[in-house]
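K.L.:
The following block contains a protein sequence and its predicted model.
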Amino acid sequence: MMYKPNFNQRKALRFHHFTRKGYALFACLGRVVTISVLSVATLTSASAAIDDKGMTETVTTNDDQTDKEATLDDVEVTGSRAPLALGQAARMVTVLSREDIQAAPVQSINDLLKYAVGVDVRQRGPIGAQTDIGIRGSTSEQITVLLNGINICDPQTGHNAFDFPCDIADIERIEILEGPAGRVYGTSSLVGAINIVTKDAGSKTADVRLEGGSFGYLSTAGRIGLNRHSLSASYTRSDGYSRSKAGALNSDYSGGKVFYQGGYAHENLRLKWNAGLSAKGFGSNTFYSAKFDEQFEKTVKLFTALQGELTAGPLHLRPSIYWNRSHDRFELIRGSEDKVPFNYHRTDVFGINLNSYFDWLLGRTAFGAEFRNEDIVSTNLGEPLSDPFSHYKVGLNRSNLSFHLEHNILLKRFTLSAGFIAVKNTWNQMPFKVYPGIDASYRIGDNWKIYASYNSSLRMPSFTELYYSVGGHKADKYLKPEELHAIEGGVKFNTTHFSAKASVFHHHARNMIDWVMDTRETEPVWESVNHTKVNTTGLEASAILHSSLFTLHLAYCYLHQGKDTEDYLQSQYSLEYLRHKLTASLLLHLMKQLDLSVNYRFQDRMGTYTTVDGEVKNYHPYSVVDARLSWNADSYSIYIETNNLTSKRYVDYGNVPQPGCWVMAGARYHFNL
């Protein structure tokens, strides 16, 4: 459900499912922005502003839920360092609410993001086994992934970025920022950011879930909340949908998660802490090499974080400290380490940051700093260790230090936000470099809003890009950081039953990192290289029509990437992008408690891949239909859902076919303790 106030509304609105915003992606970083809410059937825009008195307003909706008070005075879904009123912001954040997540015919966060038209979800395996996610033509290495506002990107590889230690039932909302924002997120947000915000513990409640379906799929989860503390656990398994040439299962999956969070609040001080563990093993069939169809991988991720918020007069301080540890074991031939040695990696990431802001005569100013240390020990990534141990013979350590400054000018209908981040990394003796950005928006009447922005950002190479020189790969440890400059402009229109938006953008990137292969060679290998320049031009547009009986949404994204390159040079990432992506969703309220959602997406990918026989093939366009029928009561829901209803055979990565029709049924139950 969503509320649609006028763009120049000067009173605050609160969505109950948006409370406890302080630990959201942009809460600790900056300005509140116009929200674009994405659901299984909807992608639309809503905005509001908060007056200086923090007034609230009761909103009457058009779907029989007139008793819900909606105030946004404590919501901070933000896109810059200093929090601003929603209606005055220039940048846009896409928000997937808790209700949207529960209604979606998906089994993982990765699947849910397929419905965001500007997001490229490239799956190697379903139900969260491994998915590479990009934004506006980017690779999975070029976005920041956060949990409750904490950067959990793995410096080893972007393949493991979405190993979240929490279950999909723990999630309050998902925030997606499209476009570069180096001054907000630092060294990994080259083309955007995705943040997962978990639920607060709330009152004494408990939730349980059980699902089962095709290919031996089984998933069970439970969550208990006790005032300011909550604990959840989940387990998922599947036999998989394919077998190797020898007849063995090679796309099976088994994994579990445990997540705990707690909090403390007193007067001007708030604290929140999280700890989570994710462990999974999955058949990797032909993930990394078409010649070997019994690959296997096991990953373990430990996440811990402590966040605070302190108000001292006009000064607001938001510190945080975190530590993440990841283990990764890859088997080229499953269970046969004597034939081909396994790859072992362990990464440790430690970070501490402080974001601050204050108000004065000329506006609102934000400032702060962050320190992040990244360390890896491995069998093949890094320099020789002085004291090798266990499987680990090589390793690498690097640190990143950044300072940011931003100022915001707020007028009645006009907002201007400008700032920069200064970054220094110890890798390759990188000096301090400055990356600026500026956003502006203007509100026209009650329904229209126009905005424009310029932003720049960077990304440091991953450890894999620097050192992975085995198995047909040759890495370059002297790779330069990627850099990107982007401009964007857009317009939004919003009424009670209809809304639409459109935007155009242009990205100019240099030193873009990719793995490329010279197909003229007798025995070609993948080499990590810096592309000189890559230019991306894009268009996004969407419209939504809704009533008490149905909601219909259409969205389209077009991209064009330009780079002078030879035809014989095959790209693994940056020259493989979605030229066209179209999504359509229809949500029907068949009865008071019976809902049917049908979701369609069309994708046309540029680029080529080489088959096991050495043939170079183009990616083919494909369409996929998903559906979900659910009976929803106050304390429980029963549902049946189908992914890939027409059993379309397709690939997101060459030589890794995706499953056909997958049918699941399940039930969820919620009760008070």
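P.N.:
Thanks, I have it.
K.L.:
Ala290 against Thr611, yeah?
P.N.:
Yes. Using C-beta atoms under 8 Å as the test, Ala290 is close enough to Thr611 to be in contact (6.5 Å). The C-beta positions use only the backbone N, C-alpha and C, and glycine is treated the same way.
K.L.:
Mutual contacts of those two, please.
P.N.:
654-655 (C-beta atoms under 8 Å, 6 or more residues apart in numbering).
K.L.:
So between these two, which is more surrounded?
P.N.:
The residue with more neighbours, out of Ala290 and Thr611, is Ala290; 17 against 11, by other C-beta atoms under 10 Å.
K.L.:
OK, contacts around the more buried one?
P.N.:
Ala290 neighbours (C-beta under 8 Å, 6+ apart): 610-612, 654-655.
K.L.:
Specify the local secondary structure of the residue of the chain positioned farthest from its centre.
P.N.:
Here the chain reaches farthest from its C-alpha mean at Thr522, the gap being 39.0 Å by C-alpha atoms, centre = their mean. Here Thr522 is coil, with the state taken from DSSP: H, G, I helix; E, B strand; the rest coil.
K.L.:
what's the distance between it and Phe292?
P.N.:
20 Å (C-beta to C-beta, to the nearest Å).
K.L.:
and what of Ser219?
P.N.:
On the measure of C-beta to C-beta, Ser219 and Phe292 end up 29 Å apart.
K.L.:
quick revisit: which of the contacts of Ala290 count as buried?
P.N.:
The neighbour count (16 or more other C-beta atoms under 10 Å) marks 610, 654-655 as buried among these.
K.L.:
Helix, strand, or coil at Leu466?
P.N.:
On the basis of three-state DSSP, Leu466 is classed as helix.
K.L.:
At which residues are the strands of the stretch 351-500 of the chain located?
P.N.:
Ranges of strands within the stretch 351-500 of the chain are 363-378, 383-389, 392-410, 414-425, 433-444, 448-459, 473-474, 482-494, 498-518, based on DSSP state E, counting those that start in this stretch.
K.L.:
Mind putting those strands into a markdown table with mean pLDDT and distance to Asn268?
P.N.:
Formatted as a markdown table, the strands of the stretch 351-500 of the chain follow (pLDDT from 0 to 100; distance: least, C-beta to C-beta, whole Å):
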| stretch | mean pLDDT | distance to Asn268 |
| --- | --- | --- |
| strand 363-378 | 95 | 19 |
| strand 383-389 | 95 | 46 |
| strand 392-410 | 94 | 23 |
| strand 414-425 | 92 | 26 |
| strand 433-444 | 92 | 30 |
| strand 448-459 | 93 | 33 |
| strand 473-474 | 89 | 53 |
| strand 482-494 | 94 | 36 |
| strand 498-518 | 91 | 38 |
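K.L.:
so which of those gets nearest Tyr568?
P.N.:
Ranking these by proximity to Tyr568 (C-beta to C-beta) places strand 498-518 first, at 6.3 Å.
K.L.:
packing partners for that closest one?
P.N.:
strand 43-46, strand 482-494, strand 526-546, strand 569-571 (3 or more C-beta pairs under 8 Å, 6 or more residues apart in numbering; DSSP states H and E).
K.L.:
any idea of the pLDDT on Lys291?
P.N.:
pLDDT, Lys291: 86.
K.L.:
count of residues packed around it?
P.N.:
The number of residues packed around Lys291, counting by other C-beta under 10 Å, is 11.
K.L.:
For Gly240, see how far away Glu406 is.
P.N.:
Distance from Glu406 to Gly240, by C-beta to C-beta: 48 Å.
K.L.:
returning to what we had before: any idea which of the contacts of Ala290 is the one closest to Leu559?
P.N.:
Gly654 (19.4 Å).
K.L.:
doesn't the closest one fall inside a helix?
P.N.:
No. Counting by three-state DSSP, one finds Gly654 to be coil, located in no helix.
K.L.:
residue contacts, it?
P.N.:
The contact partners of Gly654, by C-beta under 8 Å, 6+ apart, come to 290, 608-611, 617, 619.
K.L.:
what do you get if the cut-off is 7 Å, keeping everything else the same?
P.N.:
609-610 (C-beta atoms under 7 Å, 6 or more residues apart in numbering).
K.L.:
With Arg183 instead?
P.N.:
404, 406, 419-421, 435-437.
K.L.:
how far out from the middle of the chain is the strand or helix carrying Asp595?
P.N.:
Element membership of Asp595, judged by DSSP states H and E, is strand 594-605. Chain-centre distance of strand 594-605: 20 Å, with C-alpha atoms, centre = their mean, to the nearest Å.
K.L.:
strands paired with that strand, and their directions?
P.N.:
Sheet partners assigned to strand 594-605 using DSSP bridges are listed as strand 578-589 (antiparallel), strand 622-632 (antiparallel).
K.L.:
What residues sit buried inside the shortest one?
P.N.:
When you say that, I think you mean strand 622-632. Neighbour-count burial for strand 622-632 [16+ other C-beta under 10 Å]: 622, 624-630.
K.L.:
next one: the longest one
P.N.:
Residues of strand 578-589 classed as buried: 578-579, 581-588 (neighbour count, 16+ other C-beta under 10 Å).
K.L.:
Output the buried ones among the contacts of Ala290 as TSV; include the columns pLDDT and distance to Asp446.
P.N.:
As requested, these are exported to TSV (pLDDT from 0 to 100; distance: C-beta to C-beta, whole Å):
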residue	pLDDT	distance to Asp446
Thr610	81	55
Gly654	85	50
Asn655	87	53
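K.L.:
you'd agree Leu112 is in a helix?
P.N.:
Yes. Under three-state DSSP, Leu112 falls within a helix.
K.L.:
burial measure for it, as a count.
P.N.:
Using other C-beta under 10 Å, Leu112 has 22 other residues around it.
K.L.:
How about it: what's its closest non-neighbour residue?
P.N.:
Val106 (4.7 Å; C-beta to C-beta, 6 or more residues apart in numbering).
K.L.:
is it true that the one you found touches Val121?
P.N.:
No. With contact defined as C-beta atoms under 7 Å, Val106 does not reach Val121; the gap is 10.6 Å.
K.L.:
Which parts of the stretch 51-200 of the chain are helices?
P.N.:
98-103, 109-112, 182-185 (DSSP state H, counting those that start in this stretch).
K.L.:
quick one: average pLDDT of the last one?
P.N.:
For helix 182-185, mean pLDDT rounds to 80.
K.L.:
Tell me what the residue nearest in space to the middle of the chain is bridged to.
P.N.:
By C-alpha atoms, centre = their mean, the mean C-alpha position of the chain lies nearest to Ile194, the distance being 3.0 Å. Judged by DSSP bridges, the bridge partners of Ile194 are Val145, Ile176.
K.L.:
And the pLDDT at it?
P.N.:
Reading off the model, Ile194 has pLDDT 90.
K.L.:
Can you list the low-confidence ranges for the protein?
P.N.:
Applying pLDDT under 70 to the chain picks out residues 1-80, 85-89, 202, 564-566, 573-574.
K.L.:
which ones are touching Glu211?
P.N.:
With C-beta under 7 Å, 6+ apart, Glu211 has these contacts: 219, 664, 666.
K.L.:
which among the residues you listed gets closest to Val300?
P.N.:
Taking those together and measuring to Val300 by C-beta to C-beta, the closest member is Ser219, at 19.2 Å.
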